[in-house]
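Colleague: Let me see the structure of the following:
(chains A, B and C)
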Amino acid sequence: MAVPAQADSARVPSHRRLGRLRRTLAPISDARGMTRTMLWLGAGITLAFVLIALFAPVIAPYEFDTFRANGQRFPQLEAPSSDHLMGTNVQSTDVLSRIIWGTQTELKVVLVSLFFSILIGVPLGLFSGYFGGKLDRVLVLLMDALLVFPFLLLAIVIAFLLADKVGQGILTAAIAITVVYIPLYFRVVRNHTISIREEPFVEAARALGARPLTVIRKYVFFNVVQNVPPLATLNAADAILTLAALGFLGYGIQPTDGAEWGYDVNRAVSDAASGIWWTGLFPGLAIVLLVVGLTLLGEGLSETINPVLRKRAKVDVDLGPASEHKADVE
Amino acid sequence: MTDAPVVSVRDLRVYYGTLRGTVRAVDRVSLDIGAGEVLGLVGESGCGKSTLGRGILGLLPEGAVSDGEVLYDGRNLVTMSDRELRRLRGPDLGLIFQEPMTRLNPLMRIEEHFAETLKQHESNLDNREIRRRSLETLGRMGIPPTRFRQYPHEFSGGMRQRIMIALALVLRPKLLIADEPTTSLDVIVEAQILSILADLRDNFGTALLLITHNLGIVAEACDRVAVMYAGQIVEEGAARQVFSEPAHPYTRELLRSTISLDTTELHSIPGAPPSLIDPPSGCRFHPRCPEAMQVCAVREPIEQGLDGGRRVLCWLHGPDTEVPEAGWAQLERQEIAVAEEA
Amino acid sequence: MAVLDTVKDDVLVSVRGLKTYYSVRGSFGQRLVGREAGHVKAVDDVSFDLYRGEVLGLVGESGSGKTTLGRTLLGLVPATEGSVTFEGEEITHKSERDLRAIRRRMQIVFQDPHASLNPAMTIEQSVGHPLTIHRIARGREYRQRVAEALETVGLAPPDQFLEKYPSDLSGGQKQRAVIARAIILNPLLLVADEPVSMLDMSVRAKILELMLNLKHEFGFTYLYITHDLATAKFFCDRIAILYLGRIVEIGPSAAIYEDPKHPYTKALLRAIPEPDPLRSVPRDLPRGEIPDAAHPPLGCSFHPRCPAAFEVCGWEGRDLRDVLELRWTHMAEEEYEAERSTIGDMGSLDTPSTSFRVAAGDGRGGSDVLALLETVRNEARDEPFWKGVRNLTAADGHVEVELFDPLVPRLLPLGSAQVECHLYDHEALSEALRRRAEGRAEMATGGQSPPVESS
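Modeller: Here you go, the predicted structure:
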């Protein structure tokens, strides 16, 4: 089907499209106070981890499963030293390297699963919200049922079920997390769609003779999608925890596939009794830090986008000189 | 008016800061409200009338700063602490809003609303007395006693507004500020409520500040009227006089643009109301005024008292001594760019 | 006032017996199964013609159904029953797809300029969207037509507005953009739903002037929906007054304003606030408010508030409750308590029925209640309700109330207008006389049946 409707947006020269981007991002640069701190701090931390993941091959001293170099096996459970900045674990692999490679794993899994969650959840929410009817009723029931399950439990169940078919690994973990978070996007998008659907400008679009798909695409989508980024970042934070938990319980990534912080923490539990702290502390810190970073970013975005929570900037007000005609009034 | 006014506002300013600059929402306003009188505060959207109404009660938007005097009972409300103000709000100063449903607790019966209000401010009343006063006030508002124990959602919009007014009046405040109380109501219900408000002086002796954008309401229900433009009061006086012989060009233009059953010709004011952040120099109305003079663009007008207790802020009424020779010449108004039209 | 320069026979839109009912959400159990509980008759049997080139005003307060009527006409809301023909073509039960083609010829301007434009689209995109939807213009022709439309509505120079977003414009400018969007396809019919009620006074005139100019220049036919009789008088050739989903009066503007017939029309005209220094608030207003559309009054919907209601207007239990409540509202608390205790549970008065019981309170009998009712009647002889009472009979522990049956009012021609009111219906008037005579006859033969009470 020819898509003439694209004509107008394709015609818009790039600098004008940037204008719309700038408008969308304007509230972010306007943010003040606590919100601003959260935003920048969260973004900073997250960015740091992203860079670590991207440059892992360059900055990691060793591979995630290297346990020997120059023909010599690494010491087992050695405390942090100049060779191994964060020490080694029971399998003689370098903790620091595993943290760095683990970043890649975490982000890979979480990004992939979030991508699919959004890809499935958002359109379902849009259509369900816009068209209503039986489809909507069925979907809502299904999604609500999924939401009732504690995330972790659901993820475990799915990982368990998939383990037989697909085998354990990144894919299983990703799918498990995807499924768990679809209902979240569905619900948020659906609810917002329902309220937007009643807005006069949507009705106006119908009155103009627009097809439902056009209405959804041009009128509903843009207004609804602004809810997704904060939700996505908060989701990512939660997903990291879920992945780590899966790894901790042994349902996550196989040790041969890659490094994973949760798995490392699991391995470190027995070390703790013997006073070996570095194998558990560093992966644990990594989890906490990344989750905190994402959460701060998510909360910051959420406050920025929600005008109700947005605090009016505390701008100094200068009253100026007193009235020049005070005397005349009496 | 020989009695001392209930409230005396002197040079009140309410400014608040935004990223684009300081909004001068109320910029040196003075007025008096006498006991038992109905003063209409009329202006278009964005002129600052709501801010003024709330500013008098000390209910300022977040980040706002106020200056000047609001004298009530010998004290200045502007400099009063929040705690003291809270004690005055209710038994002395009442406020009713435009949307009554948002102010009534949907989980509380009307009876409970009244009990809570009365107990909070007049703790020495026993239940019987509370019930008697509540029913009496509600009765004056036309709410039957049989509905005393119903919930807010069981009432229509007009009745909820009456309940709100009753809740404000049951404490017998000296001053009631009504901010667009009938704007969201139908015409007949609006007229019903206006007749109630107009009778406040006879029934309760309460002074009323009626804030609205509707000139018709003001003409029918108010004793005096103050016209507000861009944060300032441009004209004030007895309603009858102001409407039959408006002194300020804005008042005149506003009256002419009001569409009533007698309108034979459409009239509008060119241009749009100015920004409160960066208002025009001199008289704020001069870019749109059909009678603007040279001096109007340069100097802010000085308030003049006219006969009959009227006040006006306009160079057309002098003082002549302050206007330079050349100042009287007609101002060449730039063609208001079509793009600036509202 | 607008000049009527149309050919009477040239009907653009014809509405016959139109009904639009909304179902009311029932209890949770009902909702679970997907069943509804009752309905709201938003539009209840409306018929009229809209002539090419004229401006017809649909005037009513909230709950009158005027907005729903406008939307049903455009097919935005499905009609429950009845027919709407546009240019001779029946459009009532067309599918969305078929309606889309017709939408080019009829457009709507909404009430809230701040909410009718998509905040995510520029003015150019919004105003030009109809061209895109209906595949009419692209590229340069598209831009040209959008610029033309903007100029026509006074948003000039167009370049200044094309790239702006709705949030950059003032209320009046937004409404102009909405109008531009509505006229860009050169429709035949424009439905304007309260186009100026959310704008300031000084801006209203500008928009109304624009709409009038457009009418003269392009020959649009307007359906002007509003609650404001003042602007309607200025703008409309004919006016239809709506109350609770029905047309109660319809006719040329002059007739409506100079010689209103229906009591509701008269009340509306009296209630309009006028900036006339010599006027004061009208005192003789109809009491009460617009009733709940889910449970409309019997007979004529206006009867509970009408000062001129009489025998045939449709009396019911709820009217008696209104009478009692009105009396008690202005009473001292002790007297109220005394009277209230005479009557027991008043739940039976909340049904729309013509015969019901008024139960006596604890320790009281039917005759006590009857005595109270008689007192009430005697102390307010002008109260129209009593004209509707056929019989009051005291019985054991209650009073039987029998009211006259309601007559549904008919829309009948009267001069150049049409009115739906028994006061102008000869058949209703003679029926009323008959009932009055019946009542008097009863009194003559000893009045109400003697109270029957058990000892």
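Colleague: Dump the C-alpha coordinates for the lowest-mean-pLDDT helix or strand in chain B into PDB.
Modeller: In chain B, no helix or strand scores lower on mean pLDDT, DSSP states H and E than helix B:200-204, which sits at a mean of 77. Taking C-alpha atoms only, helix B:200-204 is exported to PDB below (Å, rounded to 0.1, in the frame of the first residue of the first chain):
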ATOM      1  CA  LEU B 200     -25.400  37.500  51.000                       C
ATOM      2  CA  ARG B 201     -25.400  40.900  52.600                       C
ATOM      3  CA  ASP B 202     -29.000  40.600  53.600                       C
ATOM      4  CA  ASN B 203     -28.800  37.100  54.900                       C
ATOM      5  CA  PHE B 204     -25.300  36.900  56.400                       C
END
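Colleague: Strand partners (parallel or antiparallel) of the following helix or strand past it?
Modeller: For helix B:200-204, the following helix or strand on the C-terminal side (DSSP states H and E) is strand B:207-212. According to DSSP bridges, strand B:207-212 forms sheet pairs with strand B:38-42 (parallel), strand B:175-179 (parallel).
Colleague: Can you say which of those strands is nearest to C:T231?
Modeller: strand B:38-42 (18.9 Å; C-beta to C-beta). Every residue, glycine included, has its C-beta placed from N, CA and C.
Colleague: Centre of the chain to that closest one, how far?
Modeller: 5 Å (C-alpha atoms, centre = their mean, to the nearest Å).
Colleague: Now the phi/psi pair for B:R24, please.
Modeller: phi -100, psi 80 (degrees, to the nearest 10).
Colleague: that older thread, tabulate the strands paired with strand B:207-212 (TSV), appending mean pLDDT and mean neighbour count.
Modeller: Shown next, in TSV, are those (pLDDT from 0 to 100; neighbours: other C-beta atoms under 10 Å in any protein chain shown):
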stretch	mean pLDDT	mean neighbour count
strand B:38-42	94	26
strand B:175-179	91	23
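Colleague: so which of those strands comes closest to C:F218?
Modeller: It's strand B:38-42; of those, that one is closest to C:F218 (C-beta to C-beta) at 36.5 Å.
Colleague: Give me the residues contacting the closest one.
Modeller: Residues outside strand B:38-42 that contact it (C-beta atoms under 8 Å, 6 or more residues apart in numbering or on different chains): B:31, B:33, B:49, B:52-53, B:197-198, B:200-201, B:207-215, B:217-218, B:221-228, B:239, B:254.
Colleague: Please, a ChimeraX command that selects the buried ones among these?
Modeller: Listed next is the ChimeraX selection for buried residues among these, using 16 or more other C-beta atoms under 10 Å in any protein chain shown:
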select /B:31,33,49,52,53,197,198,200,201,207,208,209,210,211,212,213,214,215,217,218,221,222,223,224,225,226,227,228,239,254
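Colleague: Which SSE is immediately downstream of the helix or strand of chain C with the lowest mean pLDDT?
Modeller: Of all the helices and strands that make up chain C, helix C:28-33 has the lowest average by mean pLDDT, DSSP H and E, namely a mean of 60. The helix or strand immediately downstream of helix C:28-33 is strand C:39-51, counting by DSSP H and E.
Colleague: Any residue of the helix or strand just after that next one touching chain B?
Modeller: Next helix or strand after strand C:39-51 toward the C-terminus (DSSP H and E): strand C:55-59. No - interface with chain B: strand C:55-59 contributes nothing (C-beta under 8 Å from any C-beta of the partner chain), its closest point being 10.0 Å away.
Colleague: How about residues contacting the helix or strand following strand C:55-59?
Modeller: On the C-terminal side of strand C:55-59, the nearest following helix or strand under DSSP H and E is helix C:66-73. Helix C:66-73 has contacts (C-beta under 8 Å, 6+ apart) with C:13, C:15, C:18, C:20, C:42-43, C:46, C:58-60, C:77-79, C:84, C:106, C:108, C:191, C:193, C:223, C:225-227, C:242, C:245.
Colleague: which of those count as buried?
Modeller: C:13, C:15, C:18, C:20, C:42-43, C:46, C:58-60, C:77, C:79, C:84, C:106, C:108, C:191, C:193, C:223, C:225-227, C:242, C:245.
Colleague: so which of these are also by chain A?
Modeller: Near chain A, judged by C-beta under 8 Å from any C-beta, the entries from those are C:I108.
Colleague: Quick one: residues contacting the residue nearest to the spatial centre of chain C.
Modeller: Centroid-nearest residue in chain C, with C-alpha atoms, centre = their mean: C:S64, separated by 1.9 Å. Shown in contact with C:S64 (C-beta under 8 Å, 6+ apart): C:L242, C:Y243, C:L244, C:G245, C:I290.
Colleague: Around chain C, pick out the residues from the stretch 51-200 of chain A.
Modeller: Counting by C-beta under 8 Å from any C-beta, the stretch 51-200 of chain A sits next to chain C at A:E199, A:P200.
Colleague: which intervals of the stretch 51-200 of chain A have sub-threshold pLDDT?
Modeller: A:166-168 (pLDDT under 70).
Colleague: For chain B, what's the nearest residue on it?
Modeller: Nearest residue of the stretch 51-200 of chain A to chain B: A:P200, at 16.9 Å (C-beta to the nearest C-beta).
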